[in-house]
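K.L.:
pasted the sequence and its predicted model underneath.
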Amino acid sequence: MKKRRRKAAGIIFLILIIVLGGGFAIGWTCFRIKTVEVEGNALYENSVIEDAVLNDKYSWNSIYVYLKYKFTSMDPIPFVDTVEIKLDSPSKLHITVYEKGVMGYFYDETEDANVYFDKDGFVAEISQRVIEGVPMIKGLQCDSIQLYEKLSIEQSLLDDLLTLTQTLKREKLVPDSIVYGRENSPILIYQNIWVPLGTVEQITQKVEHLAQILPKLKGESGMLHLENWTEDSPNIVFDRDE
């Protein structure tokens with residue numbers, strides 16, 4: 001009787017070993033990541049996103065990666081709001097990136113670096129790189145710069161800057177740079193075209209007029225005066241360079 005029990009226990013143990021070994025083998029072969037698809041990223045190469053997600057020694061396993069980010073958060077990536085992980089198949093990982101809006105950047109002499117800020121005015125990155133399609137802001141002074149902190153600019157002026165940059169981005173009229181001159185009045189620069197805006201009052205209407213006029217000035221050089229435009233004074237003058 002004892003021999004039979006030992007034999008039965010041995011068989012059960014062997015079956016468990018086989019099942020566990022088989023499960024491990026299935027996990028090793030079926031859930032090994034072979035393909036990673038990344039979408040939604042404009043500011044970073046696919047490889048950068050992949051490296052940020054698959055960042056430890058167990059990240060070869062798709063189930064592990066999926067469950068990991070179900071219950072834990074990723075380390076922050078500048079300008080990335082959230083990252084969504086899905087399994088298209090046991091061996092295919094799908095990463096969807098939701099980026100924050102990049103509104104502009106300053107060059108900071110102390111850091112000897114570019115300081116990028118998002119749509120809420122928070123510093124999202126301090127680096128040497130130049131991101132294409134993001135305007136450089138000149139003429140505004142930041143008292144201090146801290147990563148992930150709000151730009152230390154007077155609140156009303158920061159609100160105006162964010163309103164301006166968001167409106168220009170929405171209308172696909174992002175300039176090469178925005179220069180703040182006297183009385184903190186912004187000037188948009190598109191290659192050889194300078195566009196003084198005056199105040200940001202009625203900025204939507206001013207940008208709508210800019211969208212109509214700017215394409216007609218391709219190849220020109222001069223100053224397009226929008227600073228004095230109002231609904232009561234609708235004339236817009238372009239002073240062509242001699």
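P.N.:
Looks like it came in fine. Numbering: from 1, shown residues only.
K.L.:
is the residue nearest to Gln202 when sequence neighbours are not counted in a helix, a strand, or coil?
P.N.:
Excluding the flanking residues, the one nearest Gln202 by Cβ to Cβ, 6 or more residues apart in numbering is Thr230, at 6.9 Å. C-betas here are computed from N, CA, C, even on glycine. Three-state assignment for Thr230 (DSSP: H, G, I helix; E, B strand; the rest coil): coil.
K.L.:
for Thr230, grab the count of nearby residues.
P.N.:
Using other Cβ atoms under 10 Å, the number of residues around Thr230 comes to 11.
K.L.:
do the same with Leu168
P.N.:
Residues near Leu168, counting by other Cβ under 10 Å: 21.
K.L.:
pretty sure it contacts Val207?
P.N.:
Yes - the pair Leu168 and Val207 passes the contact test of Cβ atoms under 8 Å, sitting 6.4 Å apart.
K.L.:
so which bits of stretch 125-141 are buried?
P.N.:
Glu125, Ile126, Val134, Pro135, Met136, Ile137, Leu140 (16 or more other Cβ atoms under 10 Å).
K.L.:
I figured the fifth one hits Val115, correct?
P.N.:
No - contact between Met136 and Val115 fails when scored by Cβ under 8 Å: they sit 10.4 Å apart.
K.L.:
before we move on, back to that, now tabulate the buried residues of stretch 125-141 in TSV and tack on pLDDT and secondary structure.
P.N.:
TSV is the format used below for the buried residues of stretch 125-141 (pLDDT from 0 to 100; DSSP: H, G, I helix; E, B strand; the rest coil):
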residue	pLDDT	secondary structure
Glu125	89	strand
Ile126	91	strand
Val134	94	coil
Pro135	96	coil
Met136	96	strand
Ile137	96	strand
Leu140	87	coil
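K.L.:
mind listing what the residue nearest to the spatial centre of the chain touches?
P.N.:
Nearest residue to the geometric centre of the chain (Cα atoms, centre = their mean): Phe79, 3.4 Å. If you count contacts by Cβ atoms under 8 Å, 6 or more residues apart in numbering, Phe79 has them with Leu43, Glu99, Lys100, Val102, Tyr116, Asp118, Ala124, Glu125.
K.L.:
again, 10 Å this time
P.N.:
41-44, 97, 99-102, 116-118, 124-125, 131 (Cβ atoms under 10 Å, 6 or more residues apart in numbering).
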